[in-house]
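Visitor: below are the sequence and a predicted model for it; my questions follow.
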Amino acid sequence: MARVLIADKLESSGVELLQAAGIEVDNRPGLKGDELKAAIQAADAVICRSQPKLSAEYFDNPGKMRAVARAGVGVDNIDVAAATRKGVVVMNTPGGNTVSAAEHTIALLLALSRRIPAADATMKAGGWDRNKFVGTEVAGKVLGVVGLGRIGREVARRAKGLDMKVIALDQFVTAAKVAELGYESAASLDELLPRVDYLTLHVPGGAETKSMVGARELGLMKKTARVLNVARGGIIDEKALADALAAGTIAGAGVDVFSVEPIAADNPLAKAPNIVITPHLGASTLEAQENVAVEAAQLIKDFLLSGQVANAVNMAAVNPAELAEVRPYVDLARRLGLLQAQVAQGAIRKASLTYRGELAGQKTKLLTAAFTAGMLEYRLSEGVNLVNADVLARDRGIEIAESSSPKKGDFAALLHTEVETEAGTTVASGTLFGDQYVRLVQLGPFRMEGYLDGVLLVFRHHDVPGLIGFVGTIFGKHKVNIAQMTVGRTSPGGEAIGILNLDNWPSDEAVAEVKAHPQISSVTVVKLPAAGELPAWLG
Ligand SMILES: NC(=O)c1ccc[n+]([C@@H]2O[C@H](COP(=O)([O-])OP(=O)(O)OC[C@H]3O[C@@H](n4cnc5c(N)ncnc54)[C@H](O)[C@@H]3O)[C@@H](O)[C@H]2O)c1
Ligand SMILES: O=C(O)[C@H](O)COP(=O)(O)O
């Protein structure tokens, strides 16, 4: 029975969805340190929000855990690079809390403009001051939206409904698209800042956006301007913002997210004037939590029960129908990778894959990952799968290149692979017969029709009469049965290759006797999975 650890507060609908699918749920939000590590290792998958900090140490030994679903958007509490290295797929649920985060932004915008929290606190302390809390209207004011993604767009739409004028800035949204949405666009932050009465940030967190608004940027804004951050802590430099608020060079701020959460006691924003702060409440609505809990549970259920990968931040999507369609080719690609790793001599520098005929452009990323996984599987002790194959290859300085050519040659579909090592380049090509039977059709310069399963004995030789009989006699003597055989040659009497499928691993003596033949130049024994045997990641 599959087991899922719920490591954060999750709505019961998500828990129930998993249980109804026959999945065991270990619902223990708040676990930390060794307890969290042990619970992760005992689970097949984990669901969390932003509370647990799943740093690299939790992926050092993930046990049988293969997937993490973030019930929310930001995955900055998860060390995605470490997860990827260990072959753990990380998924999120973008969209489920978009409306809630946008509404929270608008709530902060209005609360700030009408000074509602301060007025409320004064009244609760017994006061009644109608002069101190004079606010500003938002209608007619300019709102600068940085990041016109899911949340930025919902905020902009609502701001328009409040009669605000929106100017948007997004690195990846064209001015034409911004105009189509009905907003003006800014070419840069420096151009935007002096023009806005309100600035709201909706970009992802991380190194690229850290301190994107600092002292210099705040200095470009009007003294009457207000800033909002419902995205990620640190996108606005906290000290610079606190200083600007204290100096009155900025009129106010609404902040939901902090560089350290829960907020550190000495965070300068906690005591700054004219600020409204909330403890990361953007997604904290019944609706959003219901959405993300169900979405995250569904992602994990689909992953564990049918191998579906959706919304992954560290691998391409794989849905069961597509996987079923390409599964034989994924199997072929992995077997070619395994073969190449055993026939290529020396350290691998580069693998180039060409997808020909009907394979051109068809899920080639998935097939390339499967080839790479196969190639590394033979040489690495750590678990390799579709998630980490590429990164593990890059870690080892192996370049992976792929190209496609729709032109059909001798086969309707062909996967041609070339592996470069310091000793030279090895070529191996494969195809499917009858859409399901995996076949090797080229090894080195030789054309053939060989099987890619079980134990293969590959021997390069000179094409002379009696040689095949000689090899057969040796294996007969050593009681190794030959199940299949294929030969390829450049020309009669020229260079040739023989591939025998053996029923068991040949002894060193048998191999040495074959090698001793003066017309045989090399012998390699290759181990491949049995026919139809798939790796766990493809099962
Ligand atoms: N406070 C909360 O509870 C809460 C809830 C949900 C999401 N969030 C956060 O809100 C942010 C936005 O989420 P989203 O779902 O809208 O993400 P999104 O990916 O849909 O949108 C982000 C947008 O930012 C743009 N962008 C990235 N870097 C940029 C840059 N340097 N300059 C300009 N534009 C840039 C991208 O092109 C994209 O359009 C994220 O940081 C997310 O973690 C917070
Ligand atoms: O990235 C997100 O989805 C939000 O920041 C919400 O985080 P939370 O799930 O911890 O409330």
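Guide: Happy to help now that I have it. Ligands and ions are numbered 1, 2, ... in the order given.
Visitor: can you tell me how far the residue of the stretch 201-350 of the chain found nearest ligand 2 is from ligand 1?
Guide: Ligand 2 sits closest to residue 283 of the stretch 201-350 of the chain, with a gap of 3.6 Å, by CB to the nearest ligand atom. Yep, even glycine has a C-beta here, placed from its N, CA and C like the rest. Shown here: residue 283 relative to ligand 1, a distance of 4 Å by CB to the nearest ligand atom, to the nearest Å.
Visitor: quick one, phi/psi of the closest residue in space to that residue that isn't next to it in sequence?
Guide: Take residue 283 and drop its neighbours on the chain: the residue closest to it by CB to CB, 6 or more residues apart in numbering is residue 97, 3.6 Å away. Per-residue torsions, residue 97: phi -120, psi 10 (degrees, to the nearest 10).
Visitor: next one: residue 33
Guide: As for residue 33, its main-chain torsions (degrees, to the nearest 10) stand at phi 50, psi -130.
Visitor: go on, residue 3?
Guide: Dihedral angles for residue 3 - degrees, to the nearest 10 - are phi -130, psi 140.
Visitor: name the nearest residue to it, sequence neighbours excluded.
Guide: Using CB to CB, 6+ apart, the closest residue to residue 3 is residue 24 (4.4 Å).
Visitor: these two touch, right, that neighbour and residue 5?
Guide: No. With contact defined as CB atoms under 8 Å, residue 24 does not reach residue 5; the gap is 9.9 Å.
Visitor: thinking again about what came up before, look up how far residue 45 lies from the residue nearest to residue 3.
Guide: Residue 24 sits 11 Å away from residue 45, going by CB to CB, to the nearest Å.
Visitor: mind listing the shared neighbours of these two?
Guide: Common neighbours of residue 24 and residue 45 are listed as 2, 4 (criterion: CB atoms under 8 Å, 6 or more residues apart in numbering).
Visitor: if you count surrounding residues, which of those two has more?
Guide: Shown here are residue 24 and residue 45; by other CB atoms under 10 Å, residue 45 has more neighbours (27 against 13).
Visitor: now do the same contact list for the more buried one.
Guide: When contacts are counted by CB under 8 Å, 6+ apart, residue 45 is found next to 2, 4-5, 65-69, 300, 303-304.
Visitor: report the contact partners of the residue nearest the centre of the chain.
Guide: Centre of the chain computed as the mean C-alpha position; nearest residue by CA atoms, centre = their mean is residue 314, 0.7 Å away. For residue 314, the contact set (CB under 8 Å, 6+ apart) comprises 80, 83-84, 89-90, 387.
Visitor: which residue, other than its chain neighbours, is closest to it?
Guide: residue 84 (4.5 Å).
Visitor: where does that neighbour land in three-state SS?
Guide: Here residue 84 is recorded as helix under DSSP: H, G, I helix; E, B strand; the rest coil.
Visitor: wait, doesn't it sit right on residue 385?
Guide: No. Counting by CB under 8 Å, no contact exists between residue 84 and residue 385, whose distance comes to 10.4 Å.
Visitor: hang on, residue 342 packs against residue 524?
Guide: Yes. Contact criterion CB under 8 Å: residue 342 and residue 524 qualify, at 6.6 Å.
Visitor: isn't the residue nearest to residue 283 up against residue 282?
Guide: Yes. Counting by CB under 8 Å, residue 97 does reach residue 282; the two are 7.0 Å apart.
Visitor: what does whichever strand or helix holds residue 416 contact?
Guide: If you go by DSSP states H and E, residue 416 is part of strand 413-421. Defining contact as CB under 8 Å, 6+ apart, one finds that strand 413-421 is touched by 329, 332-333, 336-337, 340-341, 344-359, 367, 371, 375, 425-432, 441-442.
Visitor: ok and the residue in the protein nearest ligand 2?
Guide: Taking CB to the nearest ligand atom, ligand 2 has its nearest neighbour within the chain at residue 72, 2.7 Å off.
Visitor: residue numbers of the stretch 51-200 of the chain in contact with ligand 1?
Guide: 73-74, 94, 97-98, 101, 146-152, 169-173 (CB under 6 Å from any ligand atom).
Visitor: can you say which of the residues you listed are buried?
Guide: Neighbour counting with 16 or more other CB atoms under 10 Å marks 73-74, 94, 97-98, 101, 146-152, 169-170, 173 as buried within these.
Visitor: up against ligand 2, what does this protein have?
Guide: Counting by CB under 6 Å from any ligand atom, the positions of the chain adjacent to ligand 2 are 49-50, 72-74, 97, 280, 282-284.
Visitor: run the chain-centre distance for the helix or strand encompassing residue 118.
Guide: For residue 118, the host element (DSSP H and E) is helix 116-124. Distance of helix 116-124 from its chain centroid, counting by CA atoms, centre = their mean, to the nearest Å, is 46 Å.
Visitor: stretch 179-194 too?
Guide: With CA atoms, centre = their mean, you get 31 Å for stretch 179-194.
Visitor: return that stretch as CSV; C-alpha atoms alone will do.
Guide: What follows is stretch 179-194, C-alpha atoms only, in CSV (Å, rounded to 0.1, in the frame of the first residue of the first chain):
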residue,chain,number,x,y,z
ALA,A,179,-2.1,46.3,-24.2
GLU,A,180,-4.5,43.5,-25.2
LEU,A,181,-5.3,43.0,-21.5
GLY,A,182,-6.1,46.7,-21.3
TYR,A,183,-3.1,48.1,-19.5
GLU,A,184,-0.2,50.3,-20.2
SER,A,185,3.2,48.7,-20.0
ALA,A,186,6.5,50.0,-18.6
ALA,A,187,9.9,49.1,-20.2
SER,A,188,11.8,49.0,-16.9
LEU,A,189,11.4,49.3,-13.2
ASP,A,190,13.2,52.6,-13.2
GLU,A,191,10.7,53.9,-15.7
LEU,A,192,7.8,52.6,-13.7
LEU,A,193,8.7,53.7,-10.2
PRO,A,194,8.4,57.5,-10.5
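Visitor: identify each buried residue in it, please.
Guide: Under the neighbour-count criterion of 16+ other CB under 10 Å, stretch 179-194 has 181, 183, 185-186, 192-193 buried.
Visitor: show residues contacting that stretch.
Guide: Contacts of stretch 179-194 (CB under 8 Å, 6+ apart): 144-146, 148, 153, 156, 160, 165-169, 173, 175, 178, 195, 199, 212-213, 217, 220-222.
Visitor: from the residues you listed, which land in helices?
Guide: Under the assignment DSSP state H, the contacts of stretch 179-194 contribute 153, 156, 160, 175, 178, 217 to helices.
Visitor: ok so, going back, buried ones among the contacts of stretch 179-194?
Guide: Counted by 16+ other CB under 10 Å, those give 144-146, 148, 153, 156, 165-169, 173, 178, 195, 199, 212-213, 217, 220-221 as buried.
Visitor: buried sites along the host helix or strand of residue 241?
Guide: In this structure, residue 241 is located in helix 238-247 according to DSSP H and E. Residues of helix 238-247 classed as buried by neighbour count (16+ other CB under 10 Å): 238, 240-245.
Visitor: cool, and stretch 216-231?
Guide: Under the neighbour-count criterion of 16+ other CB under 10 Å, stretch 216-231 has 217-218, 220-221, 225-231 buried.
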